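Engineer: 3D, please:
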Amino acid sequence: MNLPPVGLGTMGIDDPDAVETALSLGYRHLDTARIYGNEAVVGDGLAASDADRDAVTVATKLWVDDLGAEDAGPTARESAELLGVEALDLLYVHRPRGAYDPETTLPALDRLVDEGVVREVGVSNFEPDQLDRAIDALDAPLAAHQTELHPLFYRPELLEHAREHGYTVVAYSPLAGGRVSEIDAVVEVAEAHDVAPETVAIAWATAKEPVVTIPKASSERHLRANLAAADLDLTPDEIAAIDAVERETELFPE
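Structural biologist: Next up, the predicted model:
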């Protein structure tokens with residue numbers, strides 16, 4: 001799936017002005033979820049924006065309670081209505097738990113693609129074996145896998161799986177919950193480039209094929225800074241130094 005290097009994660013955003021501002025600055029990927037309770041907020045921000053709707057990818061996720069074959073369709077349609085869109089550009093299985101069953105959930109999502117309610121299907125927080133089963137169960141191509149990825153936690157095997165199967169990795173929490181400014185390797189690279197550690201963390205993530213990021217931000221200053229990270233090129237040595245950070249902090253474990 002062709003997504004920009006930096007999109008907008010909206011968990012916790014409750015003001016449509018933040019979404020409208022992001023779009024005015026050039027963001028073209030909005031990520032939300034049923035469980036965030038803010039699809040209408042994101043929709044209001046999109047509606048207020050002058051951005052070309054066809055150029056904006058609007059993504060949401062079905063929570064574990066809505067993954068039954070009989071629930072996925074009505075819930076997806078409600079999400080589209082709340083977001084104010086004719087079709088969801090990308091619909092994820094949020095976590096493979098609860099009512100999730102690859103043999104029934106994923107065919108239900110295929111039907112939504114066939115009906116034009118959803119354009120692309122993704123999954124989130126999956127293990128490699130679960131990704132294999134999803135790819136086998138889906139008629140539609142798997143468009144994306146959303147997973148936690150930042151200098152304190154990432155799994156190279158998930159990136160390798162994505163490269164092998166041709167889908168995008170969407171990295172959430174790329175700023176490690178605000179902790180990237182405490183990581184010596186990140187700070188050293190930031191000082192060398194005269195940029196913020198947050199910029200380096202995003203640039204490090206997007207340097208990894210096929211990764212794009214969705215950092216959350218609401219102020220114009222942070223929105224601008226995150227978007228600008230796509231223009232920072234790190235050297236192989238700088239990337240390797242951050243890769244070598246001990247990876248031990250998963251913010252959102254199963």
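Engineer: From here on, just use CA atoms for contacts and neighbour counts.
Structural biologist: Noted.
Engineer: quick one: secondary structure of the nearest residue to Val211 once chain neighbours are set aside?
Structural biologist: Leaving aside its chain neighbours, Val211 sits nearest to Val169 (4.7 Å; criterion: Cα to Cα, 6 or more residues apart in numbering). Secondary structure, DSSP: H, G, I helix; E, B strand; the rest coil: Val169 is strand.
Engineer: just checking, Val169 touches Ala144?
Structural biologist: Yes. Counting by Cα atoms under 8 Å, Ala144 is a contact partner of Val169 at 5.7 Å.
Engineer: so where's the longest helix in the chain?
Structural biologist: helix 69-83 (DSSP state H).
Engineer: same question for the next helix or strand after that helix, mean pLDDT?
Structural biologist: Next along the chain after helix 69-83, taking DSSP states H and E as the criterion, comes strand 88-93. In this model, strand 88-93 has a mean pLDDT of 98.
Engineer: Also stretch 151-159?
Structural biologist: 95.
Engineer: do you know how far Gln146 is from Asp231?
Structural biologist: 22 Å (Cα to Cα, to the nearest Å).
Engineer: Between these two, tell me which one has more neighbours.
Structural biologist: In terms of neighbours (other Cα atoms under 10 Å), Gln146 is the more surrounded of Gln146 and Asp231; the figures are 23 against 10.
Engineer: Just the strands from the stretch 1-150 of the chain, written as ranges.
Structural biologist: Listed in chain order, the strands of the stretch 1-150 of the chain (DSSP state E, counting those that start in this stretch) span 8-9, 29-31, 57-62, 88-93, 118-124, 142-148.
Engineer: Give the other helices and strands that the last one contacts.
Structural biologist: Strand 142-148 is packed against strand 118-124, strand 168-172, with contacts defined by 3 or more Cα pairs under 8 Å, 6 or more residues apart in numbering; DSSP states H and E.
Engineer: Please identify the deepest-packed of those.
Structural biologist: Mean neighbour count (mean count of other Cα atoms under 10 Å) peaks for strand 168-172 among those, with a mean of 25.
Engineer: on contacts alone, who are the packing partners of the next helix-or-strand element following that one?
Structural biologist: Next helix or strand after strand 168-172 toward the C-terminus (DSSP H and E): helix 184-193. Other helices and strands packing on helix 184-193, by 3+ Cα pairs under 8 Å, 6+ apart, are helix 197-206, helix 236-243.
Engineer: Buried by neighbour count: which residues of the last one qualify?
Structural biologist: Residues of helix 236-243 classed as buried: Glu238, Ile239, Ile242, Asp243 (neighbour count, 16 or more other Cα atoms under 10 Å).
Engineer: pretty sure Val58 contacts Tyr27?
Structural biologist: No. When contacts are counted by Cα under 8 Å, Val58 is not listed as touching Tyr27 (11.1 Å).
Engineer: on that earlier part again, please render the helices and strands packed on helix 184-193 as JSON lines that adds distance to Ala18 to the earlier fields.
Structural biologist: JSON lines is the format used below for the helices and strands packed on helix 184-193 (distance: least, Cα to Cα, whole Å):
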{"stretch": "helix 197-206", "distance to Ala18": "19"}
{"stretch": "helix 236-243", "distance to Ala18": "31"}
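Engineer: could I get the ones you listed as CSV with mean pLDDT and distance to Val64?
Structural biologist: Listed next are these as CSV, based on pLDDT from 0 to 100; distance: least, Cα to Cα, whole Å:
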stretch, mean pLDDT, distance to Val64
helix 197-206, 97, 28
helix 236-243, 97, 32
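Engineer: Between those helices, which one is closest to Pro174.
Structural biologist: When the helices and strands packed on helix 184-193 are compared by Cα to Cα, helix 197-206 sits nearest Pro174, at 6.2 Å.
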